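Engineer: Build me a model from this:
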Amino acid sequence: MEKLDELDLVILKILQEDCKRNIGEISEILKIPKSTVHYRIGRLEKLGFIEGCYAKVSAEKLGKNLVAITLVRAKYRPGYHEKVGEKIKELPGVWAVYFVFGETDFVVLLRVSDVKELMKTIEQMMNIEEIERTSTMIVAKTIKEDPRIRIY
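Structural biologist: Model prediction:
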């Protein structure tokens, strides 16, 4: 694994806080040449430390107020986690799928408009041949939700 130095980490932190910052702004903040910032960002992308830049869109403004967590148990077969995971991730409202160890095989995070839409997605999930059962919890209140990685 490639080692990152302090400058790489600071650049990552700046971009994670506001990915709209341009090379000139980052150059001014860090008091280094634009060419250095450009090179470092390109290198971080090439090495896979930067996977993309996204806008944080308001789920509430889009009417996607209902958050649910579904625990999924699937039928064990060789490679089932990849096959089932691929099917689950394509369902509407699914924004994260985690394959986990234990009694549950997958943890699925959903964001939908209402219970009707949630039920439709759960029914589609249950129609996946390899899924044995699901258990869904509706989130009453979000205390913290932040996809950013803490960079020291």
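
Engineer: contacts and neighbour counts: CA atoms only from here.
Structural biologist: Will do.

Engineer: got a pLDDT number for the residue positioned nearest the centre of the chain?
Structural biologist: With distances taken as CA atoms, centre = their mean, the residue of the chain nearest its centroid is Ala96 (5.9 Å). Note for Ala96: predicted pLDDT of 97.

Engineer: Ok, Phe101 next?
Structural biologist: Phe101 is given a pLDDT of 95.

Engineer: Check Ser58 too.
Structural biologist: Value for Ser58, per-residue pLDDT: 91.

Engineer: That one in helix, strand or coil?
Structural biologist: coil (DSSP: H, G, I helix; E, B strand; the rest coil).

Engineer: Figure out how far the strand or helix carrying Gly85 is from the centre of its chain.
Structural biologist: In this assignment (DSSP states H and E), Gly85 forms part of helix 80-89. Computed by CA atoms, centre = their mean, to the nearest Å, the chain-centroid distance of helix 80-89 equals 16 Å.

Engineer: Can you tell me how far Gly42 is from Asp8?
Structural biologist: According to CA to CA, to the nearest Å, Gly42 and Asp8 sit 11 Å apart.

Engineer: Could you list every helix and strand in contact with the helix or strand harbouring Thr121?
Structural biologist: According to DSSP H and E, Thr121 maps onto helix 115-126. Counting by 3 or more CA pairs under 8 Å, 6 or more residues apart in numbering; DSSP states H and E, the packing neighbours recorded for helix 115-126 are strand 131-138.

Engineer: Thank you, goodbye.
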